[in-house]
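**Q** Predicted model, plus sequence, below.
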Amino acid sequence: MKKLLFAGLLGSWLLPVLVVAQSPFDGTWKVDMSTVQFPKKPDVYLVENGTYDCKSCVPPISVKADGTDQKVTGHPYFDTLSVKVVDDHNVEATSKRDGKVVFTEKNSVSADGTTLTVNWTDSGEPSGGTQSGVTTAKRVAKGPAGANLLSGSWRTEKQDNPAAVVTWTYKVNGDEISMTNPTGQSYTAKLDGTDAPYKGDPGTTSVSVKMHGKDTLEEIDKRDGKVIGVSKMTVAADGKTAKLVYEDKLHGTVVKGDAMKQ
């Protein structure tokens, strides 16, 4: 299993511009989910012979699908995963970190086997309370004959996220940018590309922000010194919208979309 796409990516889109007067980036922004272009690269699962495999996870996951907590390593958001096969069309999963539930999801495959609906809850954020949403994906490849219908390759087409997950506020002060959001992530970084601590996200430990031109900023996210994502935010001339591009270096994917100033 993996952290919800936008819950893990939002911090990478909070990129202000340094100006003498008030920055046009100052204030609160919200992703317009109707504009989001999800990755072309699919998620790949296999549920077969009592085992659950997430082949597209980084690192890959393979655990018993017997409903008990199974230890996993290399994932900063959770250290155990339990997977329960309800029937051929439905699989439930619960992720925990230090014994505390941080993420649950109910995976339901449509009767014709072409659509995957994931109802999820994220209770691992440091503040803002539990967040819930729905992700919808289309099948791009079938799994092996006889395997659970969750098996195969799925491409995300839609996400219904609560406002807290796709909203953030930032402020430019001199040569620094400060970012906060409702789910508890924050940072204050120089606009010269210097690394600064990223708070409230166990998957991101530092961030650097650098301006390109007058309307575009590049942010580099790192985990323990390793680059995990690179994002760019370009503000329109009217200052009311911005183009977002995020390169997920771990999964080799790209997400694009627009943000609206609130």
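**A** Looks like it arrived, so ask away. Computed from a prediction, not measured in an experiment: that's the story for all the values here.

**Q** and D195, how far is that from G239?
**A** 29 Å (C-beta to C-beta, to the nearest Å). Heads up, the C-betas are built off the backbone N, CA and C, glycines and all.

**Q** actually K190, not the one I wrote
**A** 23 Å.

**Q** With P126 instead?
**A** With C-beta to C-beta as the criterion, P126 and G239 are 31 Å apart.

**Q** so A137 sits in a strand?
**A** Yes: counting by DSSP: H, G, I helix; E, B strand; the rest coil, A137 is located in a strand.

**Q** The nearest residue to it once chain neighbours are set aside: which element?
**A** Using C-beta to C-beta, 6 or more residues apart in numbering and skipping residues adjacent in sequence, the residue nearest A137 is W154, 3.9 Å away. Using DSSP states H and E, the element containing W154 is strand 152-160.

**Q** Give me the helices and strands touching that strand, please.
**A** Identification of packing neighbours for strand 152-160 by 3 or more C-beta pairs under 8 Å, 6 or more residues apart in numbering; DSSP states H and E yields helix 5-9, strand 27-37, strand 43-48, strand 131-142.

**Q** Other residues contacting it?
**A** 4-6, 33, 36, 38-45, 116, 133-143 (C-beta atoms under 8 Å, 6 or more residues apart in numbering).

**Q** how about low-confidence regions in the chain?
**A** Applying pLDDT under 70 to the chain flags residues 1-21.

**Q** And the protein, split by domain according to the record?
**A** Annotated domains of the chain cover 5-39+163-261, 43-160 [automatic domain parsing].

**Q** starting at the chain centroid, how far to the shortest one?
**A** What it means is domain 43-160. 14 Å (C-alpha atoms, centre = their mean, to the nearest Å).

**Q** What of stretch 203-219?
**A** 18 Å.

**Q** got CSV for the domains of the chain, with mean neighbour count too?
**A** Shown next, in CSV, are these (neighbours: other C-beta atoms under 10 Å):
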stretch, mean neighbour count
domain 5-39+163-261, 18
domain 43-160, 17
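
**Q** what kind of secondary structure is G74 in?
**A** coil.

**Q** what sits against it?
**A** G74 touches P59, counting by C-beta under 8 Å, 6+ apart.

**Q** And it, how close does it get to T80?
**A** 13 Å.

**Q** likewise K40?
**A** 31 Å.

**Q** was I right about K84 contacting A93?
**A** Yes: contact criterion C-beta atoms under 8 Å: K84 and A93 qualify, at 7.4 Å.

**Q** Who is N173 paired with across the strands?
**A** Counting by DSSP bridges, N173 is bridged to E176.

**Q** try K199
**A** S186.

**Q** likewise K158?
**A** Beta-bridge partners, per DSSP bridges, of K158: T136.

**Q** Also N107?
**A** Assigned bridge partners for N107, using DSSP bridges, are V91, V118.

**Q** got the contact list for it?
**A** Contacts of N107 (C-beta under 8 Å, 6+ apart): N90, V91, E92, A93, L116, T117, V118, L150.

**Q** Distance to I61 added to these, as CSV?
**A** Converted to CSV, these look like this (distance: C-beta to C-beta, whole Å):
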residue, distance to I61
N90, 19
V91, 13
E92, 15
A93, 10
L116, 17
T117, 21
V118, 16
L150, 13
